[in-house]
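> Predicted coordinates and the sequence they were generated for:
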Amino acid sequence: MSELNNNTESTVKSEASNAMDNVISEEAGSDENNHDDIKVGSFPSESFEQAVELANRLKDNVNRALIGQEETVEMALTCLIAAGHLLIEGVPGLGKTLLVRSIAKSFDGEFSRIQFTPDLMPSDVTGHAMFDPKSEKFRLRKGPAFTNLLLADEINRAPAKTQSALLEVMQEKKITIEGKSHPVSDPFMVLATQNPLEQEGTYPLPEAELDRFLMNVHIGYPDLKDEVKLVKILTEGEVDDSALMREIEAITSPESILQLQKVAANIKVDDSLFEYAVNIVAASRDWSGVQMGASPRASIALIRAARALALVRGSDFISPDEIKSVALPVLRHRIVLSAELEIEGISITQVISDLLAQVAAPRE
C-alpha cells in the first residue's frame, strides 16, 4: 500500500512540474494581492502633478525597450490607465510581447503569456479544480488568467469556445470555476495579439469579445533610423534579445497604477464633449456603407480613453483633440463595413476619418 501511495504522489508531482509555471494552488493565490512591501512610486491619489510625472516616467521607461514605437506605447499606457483591454495587430517581430513584458516590469506586476492554439482548452486559460490524493480533497489550480497583465498571443488561433473563456474576466474581473467566483489581481489587463495578414487556420473573434477591448492598435514598422539603433543594441556584444528588457526598471507598484486610474477618472469633461463623443458613435450607425455601427459602449470608451490620454499628456481636462486621437483605436474594431465598401477598397480607417470630419467638434 505504501508503494502505491508513493507512486501516486510521484505522479501528482510529475503532473505539477509539467503544468504552466504560473498555475498555482488556491492557498498560494491568496497572497497575490499582497504588495505591502512595495513602496516605490506611491503618491497621494489627489496629487495630479505626481500622477502626470509617474505616467511620463512609465512612458519613457517602456520606450527604452520598445524603440521606434512611441505612439503604440502611448496608446498602450492610455489603455492601462483607462482600465481597459488592448487588441494589438501587427506582423511578427515588431515587439508585441516585449511591449507587454515591459509594462508589467515597469510597475512590478505579474505577467502571464498564453500561446493560443486550436487545441487550447478553456481550463488552460482560467484553471480548474483537481483532486489532491494527499489531502483527499479537491483544490483549485489557478490558470494564467490570474495575473495583472495577460498576453493572449495570436488569440484568433483558438476556437470560439476557448476565446470565450476570457469574456467573464475581461468584463467582471473574476473567474468562475466549479460554480465559485474568484477575483483576479488589480490592475488587470488583457493584451491580445493577432496577425492581420495570415488567416489560414484562424477563428475570427466574435463581435461580443471584440467589443470587450477598449482599443485596437495597429503596430507598424519602425523608422529606418530607429531600426538601425535597435539592430546595434541587439547585435553588439549580445547573443540574444534580453538586452532590451535589461533597460526596463521597476519604477512603481500595482497600487500606484490603481491610483493613476482614479486620477484619470476624475479629469474634467465638459458636457459638450460628452455630446461630441456620443454624436461620433451615433453617426457610425447611420453612415452609408456601414453594416453595423458602434454601440453605447464605444461612447463610454471614447470618454474613458480620452481622460487617460489627457493624463498621459499632462492635461487636467480633455479637449476634442484627445477624443479625435483615441477615436480610431476605439472604433476600428466596433464598426463593420458592408461588402460593397470592402469591394471598393475603402478601409475602416478612411470611414472613421470621414466620420470625424463630418461631426462638428465643440469650440474650445
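Happy to help now that I have it.
> Do I have it right that Thr176 meets Ala165?
No. At 10.5 Å, Thr176 does not count as touching Ala165 under the criterion of Cβ atoms under 8 Å. C-beta coordinates here come from the backbone N, C-alpha and C atoms, glycine included.
> ok, the two, which is more surrounded?
Legend: neighbour count by other Cβ atoms under 10 Å for Thr176 and Ala165, higher for Ala165 (21 against 12).
> Confirm that that one sits in a helix.
Yes. With DSSP: H, G, I helix; E, B strand; the rest coil as the criterion, Ala165 is located in a helix.
> and the nearest residue to it once chain neighbours are set aside, how many neighbours?
Distances taken as Cβ to Cβ, 6 or more residues apart in numbering put Pro122 closest to Ala165, at 3.8 Å, once the chain neighbours are dropped. For Pro122, the count of nearby residues is 17 (other Cβ under 10 Å).
> what does Glu172 give?
For Glu172, the count of nearby residues is 12 (other Cβ under 10 Å).
> coming back round to it: I'd say the residue nearest to Ala165 and Ala160 touch.
No. Look at Pro122 against Ala160 with Cβ under 8 Å: they stay out of range, at 10.6 Å.
> What segments of the stretch 51-200 of the chain are strands?
Along the stretch 51-200 of the chain, counting by DSSP state E, counting those that start in this stretch, strands occupy 86-89, 111-115, 127-132, 137-142, 149-153, 174-177, 180-183, 189-194.
> Could you export those as a markdown table, including mean pLDDT and distance to Ala339?
Compiled in a markdown table, the strands of the stretch 51-200 of the chain are given as follows (pLDDT from 0 to 100; distance: least, Cβ to Cβ, whole Å):
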| stretch | mean pLDDT | distance to Ala339 |
| --- | --- | --- |
| strand 86-89 | 94 | 21 |
| strand 111-115 | 91 | 33 |
| strand 127-132 | 84 | 41 |
| strand 137-142 | 85 | 44 |
| strand 149-153 | 92 | 29 |
| strand 174-177 | 91 | 38 |
| strand 180-183 | 91 | 42 |
| strand 189-194 | 92 | 22 |
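> Save those strands as CSV, and put in distance to Ala283 too.
Shown next, in CSV, are the strands of the stretch 51-200 of the chain (distance: least, Cβ to Cβ, whole Å):
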stretch, distance to Ala283
strand 86-89, 23
strand 111-115, 37
strand 127-132, 43
strand 137-142, 44
strand 149-153, 31
strand 174-177, 35
strand 180-183, 38
strand 189-194, 28
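> Can you say which of those is nearest to Val290?
Among those, strand 86-89 comes nearest to Val290, with 19.9 Å by Cβ to Cβ.
> which strands and helices sit next to that closest one?
When contacts are defined as 3 or more Cβ pairs under 8 Å, 6 or more residues apart in numbering; DSSP states H and E, strand 86-89 packs onto helix 70-81, strand 189-194, strand 215-218.
> What strands line up against that strand, and which way round?
Strands that pair with strand 86-89, judged by DSSP bridges, come out as strand 189-194 (parallel), strand 215-218 (parallel).
> what's next to it, contact-wise?
Strand 86-89 is contacted by residues 72, 75-76, 79-80, 96, 99, 155, 189-196, 210, 213-219, 333 when judged by Cβ atoms under 8 Å, 6 or more residues apart in numbering.
> for the chain, what are the low-confidence residue spans?
1-46, 364 (pLDDT under 70).
> quick one on the thing from earlier: contacting residues for the residue nearest to Ala165?
With Cβ under 8 Å, 6+ apart, Pro122 has these contacts: Lys161, Thr162, Ser164, Ala165.
> ok so, going back, I'd like the helices and strands packed on strand 86-89 written out as CSV, with distance to Arg139 added.
Below are the helices and strands packed on strand 86-89 laid out as CSV (distance: least, Cβ to Cβ, whole Å):
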stretch, distance to Arg139
helix 70-81, 32
strand 189-194, 26
strand 215-218, 37
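> The spatially most central residue of the chain: what's it in contact with?
Centroid-nearest residue in the chain: Leu191, 3.0 Å away (criterion: Cα atoms, centre = their mean). Contact partners of Leu191, counting by Cβ under 8 Å, 6+ apart, are Ala76, His85, Leu86, Leu87, Ile88, Lys96, Leu99, Val100, Leu149, Leu150, Leu151, Ala152.
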